[in-house]
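Asks: my questions concern the predicted model and sequence given below.
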Amino acid sequence: MFLGYLTLKYSVMFMATLSFNKKELDRFITKELPFEKVANAFEMLGMPVDKANEEEIVADITNDRIDMFTVEGAGRAIGQFMGLIGSKEYKVEASELVLNVENVSVRPYAMAFVARGLKIDDEMIRSLIMAQEKIHDTFGRKRKKIAIGIHDVDKVTGPLYYKAFKDISFIPLDTDKEMSVQQILKNHPKGQEYAHIFDNASEYPMFMDSKGVLSFPPIINSERTRLTEKTVNLLFDVTGTSETAVRIVLNVFATAMQERGAKIENIKINKSGMIQDSLVFERKEKLSLKFANKLLGLKLKDQDAISLLDRMGMKANAEKGGLIISVPPYRSDIIHEVDFIEDLAVAYGYENFKPALPKLFTTGAVSEQTKLDYKARDILVSLGFIEINSWTLTNEEMTGKAFMNKESVTIKNPRTSDFTIFRTDLTPSVLQTLAENKTKGLPLKIFEVGRVSNPDGKCRTRLCCAIMSENSSFSDIVSVFNEVKGFAKVFERYVEEEKVKPRLEHLIDGRFILIKKQEDMKAESIGWCGEIHPKVLENFRLEYPVAMFEFDLSPSVPGKTKRMKKK
Amino acid sequence: MIKIDLDSLHQHERKLLLVLSGLEELESLSKKTGINKDALLRSAFVLKERGLVKVNEKTHEAFTLTDEGKKFLSEKFPEQRVAEYASKHTLISDLTEEERKVGISWAVKNKWVRISNGALQPISKPEKYPLYDALLDISKGKNVEGKALTSLIERGSVEKKISKSYSFELTSEGQNVSKQIMANGDIGQNEINELNHSLILSGEWKNSKFRKYNLKVEVKKARKGAAHPINEYARQIKDIFVSMGFEEMEGNEIESSFWNFDALFTPQDHPARELHDTFYLSKPSELDYPEEIGQRVKETHEKSWKYSWDENVPRQAVLRTHSTTLSAHKLDSLRKKRKPGKFFAISRVYRNEATDFKHLAEFYQIEGIVAWKNANFRNLFGVLQTFYDKLEIEIRFRPHYFPYTEPSVEVERWDEKRKQWIELAGAGILRPEVSIPLWNSYPVLAWGMALERPLMKKLNIKDIRTPYQNDVSWILDSQI
């Protein structure tokens, strides 16, 4: 969705607002910088800054860079972007803990690692919890796809288990009473908030050690392994429905903890005898620099590309046929060569690209429909009509006021009672507009060129025109219709000539004509022109007569136009 | 002293000023000048406004004959007629309906007649009928009081009317002006009030003088026709794209989820697809998509997002949340024609959003693509820069993230008031995961722009709903 920002909720889908402590950021940038410089670096990396001062930087971090949801990752990215630190390599040691993963169909994947030797203070806890929560909300699809649990590993007794239970009891975080799964889902605030994830489940996932439950993902941890100011060694568990996503999130936190100086330990996973690593840091991909240069319109040499990639935290080597790039383990967004190419562009700086128009010669043109719209608009404006532009969504009460309730496209999940259906006619909104402007003086002459839909979802354009005055009548509106019918290729048809007389309840009987498309004389009429019935005027609280026409304004199908027979 | 241009006086006004001496009634003045009372009164009031004549107004209560009263005055009352017929023993069946219904009962009550054998028989002859005398007096304007008047009013022959009488006299200024007119001696010369067809045809205007108008009179406001500012602005934007060689795309507002989401690489568990963000339809609830492209999209999703792509989810019908659906369809048709091209569209898109001063459930999106094997990122900057230059908006480019473009760029405008950069457009090169299943592996430059935002800035609107309120005064005042 390009225009995410126009709707607040859409922007949430693509980014999260995070507040970073400036001092903490500086620590991971590896240099104390003026806040303006830091804010600018965020923006040039694609993260708009809402607020920046000596204490705090508030930025919108897009979902493709969840590594920058952590203060460690954000600082690292800026430090690298500014050339203060190069690409990094991460060391992993083996943990004594093993995680036995059983078959948990509702949430199949679980991985874990240990981070040792941390100095835990309030600021670190705040940023850790912020990153955890924002990843839950965005990348984690509100914990459905991914959830992270953090424990004091010194309170854990191995081995670890990940299994499904019909029911089990433990003391949830911040309580002092043992609760069963059902009690948590019903009574605990977090349980209530996320119970829907288990709507059709009969078994529930548990992350455990040999003494019992450590966490009930994605809902709540146990009180037993809570972090305190004495905690120095952490156990991270990540569970979810996608193996790739679980691993990436695990890597984001593992590398962040290493930035903080922790020693990282990989926990082996035992999945019915199959042994896997939780942390897999090694990933190499190839990039064709020729392709990159072609797509960007640049002439980068190997060395240019290598140093640009270095500023994006990627170590690259030139080999025959392309660059071999070590993908940082925390980058979730690299799934194709083009993802490297964007990093190259970001490091190159968007302001350094020379804009150049494409050398593809084409003739420009508006559509046939637009040509008709323009013509209708020009003629009616020249006749003193004012154009309106109204919603295509409406409701049955409004169409009912004009006796125009028809089968129509219906919204399954309307937000308000105003917008429940897609309009089939323009008349109700034109009458409503007359009503809203009735104090603006007479005669009031308005029109609309707008879209309507058939009940099957096929949309088309219609033209509607109205005159309201002391004595507006059929002849007034027909004289206007006569000015537009030529280019619109429509003609009038008298009701008595029709075999099947249409019922047009909103018009005064004997004071309206039907409108047909010239090429299709036998087909049904596509509109009408006449005097609005006073019962409709009453419904709209209109006090003066209204004469109107409305018909389909559509380009002729080529080859279908035939000369009308002379009588 | 009031300065009066004699030529600005209407012929009637001049005549009135000349003829008026002392205090005179409207009636007599009308006779003296030969101008009818209404016209004379109008002239008198104009002169009063200009301080030349004093108008005295008197309210009178007067009794006048109704139409029926006038009829009785000439034909006599039906009971009088009945009394006359009685002397001839006229048959009741020969009487008029009025005489039968009204005349007989009054004549019997007055003891003038009796009825026997279906004919009138005289009792006495009314010498004088006070009711008729009263009617006659009232018709002559004489004062009538008492029982007869009440009776006439009850019968509906007489009604009370409030009338006004006017008398005029010259003010001292008026006397001055009157003397000036006399001195000029132009009374009687033909004067043209409104030039008309016959005056021109006859050439009579040659012997006449044009009365000068009071040019400061307030006139009625003329109402012009006007296009809606949104449509006018859209037209300007279309003109810019056409001038840059772009062809307009069109398409349906109602779409399958396939074209709105799946074909644009939006995974099936993406939050944008949730009910509270997108309008889904119950009628039609499902729409088909082409199986062949569907298969390619399925493979791409499963390979890239690593999940099992459900073939039914894409059938769900939605109100398109963006007009990038049009670009997707266009790429599909370009593949079939094996042609490159440059295209744009300006059309409505829908979001399941409560409307407020900043947000709308329906709004316009400006959409565009350049599909060409040699297109590159610099070309994207080139197109966007040229477009906003032509719209006279200063912009900058900044990296951003959009799920279906890579590399991506956001276009921003500096807002001097808010001292911040405001988003105007999102753009990028379509990901191969989008362009390959729809088209081929050549680059596609793509963008989506807001229409309402720059329009709000241009017309200085605070509330984004304003253009859709269709206040005709606003439309007339907000021409671009």
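Replies: Structure's in. What do you need? As the structure is a prediction and not an experimental result, all values here were calculated from the model.
Asks: does the residue in chain B that chain A sits nearest to count as helix, strand or coil?
Replies: Nearest residue of chain B to chain A, counting by CB to the nearest CB: B:G448, 2.8 Å away. Just so you know, the C-beta spots here come from the backbone N, C-alpha and C atoms, and that holds for glycine as well. When classified by DSSP: H, G, I helix; E, B strand; the rest coil, B:G448 comes out as strand.
Asks: what's the neighbour count on it?
Replies: B:G448: 24 surrounding residues under other CB atoms under 10 Å in any protein chain shown.
Asks: swap in the one 3 residues further on?
Replies: Per other CB under 10 Å, the neighbour tally for B:L451 reads 20.
Asks: my guess is it contacts B:Q365. True?
Replies: Yes: assessed by CB atoms under 8 Å, B:L451 is found in contact with B:Q365 at 7.1 Å.
Asks: anything in contact with each of those two?
Replies: Between them, B:L451 and B:Q365 share these contacting residues under CB atoms under 8 Å, 6 or more residues apart in numbering or on different chains: B:I346.
Asks: I figured the residue of chain B closest to chain A hits B:I366, correct?
Replies: Yes: with contact defined as CB under 8 Å, B:G448 reaches B:I366; the gap is 7.1 Å.
Asks: need the residues touching each of the two.
Replies: B:A425.
Asks: tell me where chain A is predicted with low confidence.
Replies: Chain A contains residues with pLDDT under 70 at A:1-13, A:558-567.
Asks: kindly report the domain assignment for it.
Replies: Per the record, chain A has its domains at A:4-81, A:93-277, A:284-352, A:368-552, by automatic domain parsing.
Asks: residue of the stretch 151-300 of chain A nearest chain B, please.
Replies: Taking CB to the nearest CB, the stretch 151-300 of chain A has A:G297 as its residue nearest chain B, at 3.5 Å.
Asks: repeat for the stretch 451-567 of chain A
Replies: Closest residue of the stretch 451-567 of chain A to chain B, CB to the nearest CB: A:G457 (3.9 Å).
Asks: residues contacting the closest residue to that residue other than its chain neighbours?
Replies: Nearest in space to A:G457, with sequence neighbours left out and distances taken as CB to CB, 6 or more residues apart in numbering or on different chains, is B:I254 at 3.9 Å. Contact analysis of B:I254 by CB under 8 Å, 6+ apart lists A:409, A:422, A:453, A:457-459, B:281, B:284, B:287, B:317-320.
Asks: out of these, which end up buried?
Replies: Buried by 16 or more other CB atoms under 10 Å in any protein chain shown: A:V409, A:F422, A:S453, A:G457, A:C459, B:L281, B:P284, B:L287, B:A317, B:V318, B:L319, B:R320, out of the contacts of B:I254.
Asks: near chain B, which residues of the stretch 51-200 of chain A?
Replies: A:T62, A:N63, A:D64, A:R65, A:R141, A:K144, A:K145 (CB under 8 Å from any CB of the partner chain).
Asks: any part of the one helix or strand A:I325 maps to near chain B?
Replies: Assigned by DSSP states H and E, A:I325 falls within strand A:322-326. No: judged by CB under 8 Å from any CB, strand A:322-326 stays clear of chain B, getting no closer than 15.4 Å.
Asks: buried residues, that strand. List them.
Replies: Residues of strand A:322-326 classed as buried by neighbour count (16+ other CB under 10 Å): A:G322, A:L323, A:I325, A:S326.
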